[in-house]
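Student: show me how the following folds:
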Amino acid sequence: MAAFLPPVLSDTIVALSTPPGAGAIALVRLSGPKAVALTDEVFAGKLLRDQPGHTLHYGTIRDGERILDEVVVSLFRAPHSYTREDVVEISCHGSDYIVQQLLGLLTRRGARLAEAGEFTKRAFLHGAFDLAQAEAVADLIAADSALSHQVAMQQMRGGFSQELRALRARLVQFAALLELELDFGEEDVEFADRTGLVALLQEVQALVRRLLRSFELGNVIKNGVTTVIAGKPNAGKSTLLNALLNEERAIVSAVAGTTRDLIEDEVSLDGIRFRFVDTAGLRETTDVVESIGVERTRKRVQQAALLIYLVDITDSTPYEVKVELEALTPDQRIPTLIVGNKLDLASAAQIDSFRSQPNTVLVAAARGDGMEELQNALLARVRGEGLDQTGATTIVTNLRHVRSLEATAAALDAVLVGLSMGTGTELVAADLRQALAALGEITGEISSDDLLTSIFTQFCIGK
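Tutor: Residues are numbered from 1 along each chain as shown. As a prediction, this is how the structure comes out:
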């Protein structure tokens with residue numbers, strides 16, 4: 001089999017697949033045609049070449065007469081392995097010295113240190129999964145919340161790829177008929193039903209647009225939500241941050257202007273990661289240090305994915321809040337949630353005046369009252385209407401996929417315009433080919449070496 005593979009796949013590669021640094025266990029992985037033979041040269045135990053795949057073997061690693069470590073070797077035979085090649089995984093003690101000695105031992109005998117993502121790249125090149133699934137492997141490793149893990153797992157198991165292949169297969173059928181018409185161009189015949197093609201293109205276009213819309217949620221799931229807490233001094237911003245984090249993260253003081261720099265921390269709410277940013281109180285000040293903090297607050301607000309505008313309802317009116325927000329975010333492009341604080345100190349009239357306002361939640365941050373309602377409101381603002389966060393609907397999380405879907409949508413628009421204007425079959429077919437190519441780039445049916453290098457170099461070395 002190896003003789004028919006590209007030269008890069010004829011090498012046997014080796015890398016540390018667990019994080020570097022001291023630990024209980026380290027795992028060194030080999031993959032390639034000589035993985036078993038090279039391990040046999042340094043492993044004192046059963047001869048691995050005589051053992052079946054999916055077996056574990058205890059023994060020692062030796063450098064000549066010197067025993068380097070006691071290890072457990074996992075053996076996987078091609079094609080029943082992650083890379084679809086022979087794979088050996090050596091579990092040794094997690095000492096930097098042992099790992100470096102072991103890697104040196106194996107490279108001196110002919111193995112090559114793996115490049116970033118090379119094990120997964122080999123799995124892709126051998127057809128273990130497509131490119132979208134390969135990228136999901138990196139997302140799964142980076143997942144730091146229940147929802148990001150769920151989406152990455154769904155994509156790694158092929159949910160997104162299956163939907164794309166179904167779309168592409170339907171377009172291929174019509175593309176083939178259009179190409180057939182070109183072969184019989186002189187006879188002026190039509191094999192593809194134009195009415196049916198328009199209906200199909202509109203349906204596919206709707207699905208592509210839905211996938212593009214899902215990226216808003218997908219980006220939130222993958223990268224988290226930068227949520228800036230802004231408001232006047234002494235509104236209770238630091239108290240609210242502590243209540244959201246359920247810890248004393250920020251200094252709370254009755255003295256106005258205590259917070260002069262940005263304080264950031266993260267928390268996961270129902271699987272979505274929020275990065276809360278406590279800011280300096282917004283006011284005119286002659287204090288040089290405080291004025292720098294206020295300017296940083298204004299800049300950070302413009303970079304926010306979500307704004308919590310905190311209000312002391314005992315000292316403000318809804319109209320004043322409206323004026324303050326118009327000054328802070330004049331274009332109103334930043335999703336904003338108004339949080340009225342000090343509910344426990346407010347009069348009934350003050351409470352009623354704010355409770356009737358849209359996008360407003362009332363809390364008593366110092367006592368923790370209203371925090372569950374606030375968390376639910378934050379989740380509702382992030383998820384938006386019509387976006388399914390349960391995994392039943394495919395969610396796009398990768399910017400490269402978005403670019404390909406945008407190119408697909410543009411090409412499909414061109415096909416629809418061409419059909420409506422009676423454009424020649426050759427031009428319509430060319431636009432349809434562009435749509436198919438853009439979809440194919442997502443799963444790797446159409447790819448280049450530069451694209452693969454760009455994707456897999458973002459992986460960790462041992463994966």
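
Student: count of neighbours near residue 428?
Tutor: By other Cβ atoms under 10 Å, the residues close to residue 428 number 25. Every C-beta, even on glycine, is put in place using the N, C-alpha and C of the backbone.

Student: from memory it sits against residue 418, does it?
Tutor: Yes: the criterion here is Cβ atoms under 8 Å, and residue 428 meets it with residue 418 at 4.5 Å.

Student: can you show me the strands along the stretch 251-400 of the chain?
Tutor: Using DSSP state E, counting those that start in this stretch, the strands of the stretch 251-400 of the chain run over residues 263-269, 272-278, 306-312, 336-341, 360-362.

Student: report how many residues lie close to residue 206.
Tutor: 10.

Student: where's the helix or strand containing it relative to the chain centroid, distance-wise?
Tutor: Assigned by DSSP states H and E, residue 206 falls within helix 194-223. Helix 194-223 has its C-alpha centroid displaced from the chain centroid by 19 Å (Cα atoms, centre = their mean, to the nearest Å).

Student: check stretch 114-126 too.
Tutor: 20 Å.

Student: about what we covered before: so which residues make contact with the very next helix or strand once past the helix holding residue 206?
Tutor: Per DSSP H and E, the first helix or strand lying C-terminal to helix 194-223 is strand 225-231. Residues outside strand 225-231 that contact it (Cβ atoms under 8 Å, 6 or more residues apart in numbering): 237, 240-241, 272-279, 281-282, 297, 300-301, 303-312, 328, 378, 382.

Student: so what's residue 91 closest to, chain neighbours aside?
Tutor: Distances taken as Cβ to Cβ, 6 or more residues apart in numbering place residue 72 nearest to residue 91, at 4.6 Å, with adjacent residues excluded.

Student: contacts only, for that neighbour.
Tutor: Taking Cβ under 8 Å, 6+ apart as the test, what residue 72 contacts is 56-58, 90-91.

Student: repeat that with 7 Å
Tutor: Residues in contact with residue 72 (Cβ atoms under 7 Å, 6 or more residues apart in numbering) are 56, 58, 91.

Student: SS state for it?
Tutor: Of the three states, residue 72 takes strand according to DSSP: H, G, I helix; E, B strand; the rest coil.

Student: bridge partners for it, pull those for me.
Tutor: Using DSSP bridges, the bridge partners assigned to residue 72 are residue 58, residue 91.

Student: residue 274 too?
Tutor: On the basis of DSSP bridges, residue 274 is bridged to residue 225, residue 267.

Student: just the buried residues out of the contacts of residue 72, in ChimeraX syntax.
Tutor: Buried residues among these (16 or more other Cβ atoms under 10 Å), as a ChimeraX selection:
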select :91
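
Student: let me have the contacts of residue 72 in a markdown table, extended by pLDDT.
Tutor: Shown next, in a markdown table, are those (pLDDT from 0 to 100):
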| residue | pLDDT |
| --- | --- |
| 56 | 97 |
| 58 | 97 |
| 91 | 97 |
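
Student: quick check, nearest of the contacts of residue 72 to residue 267?
Tutor: Checking the contacts of residue 72 against residue 267 by Cβ to Cβ gives residue 91 as the nearest, at 35.1 Å.

Student: that'll do, ta.
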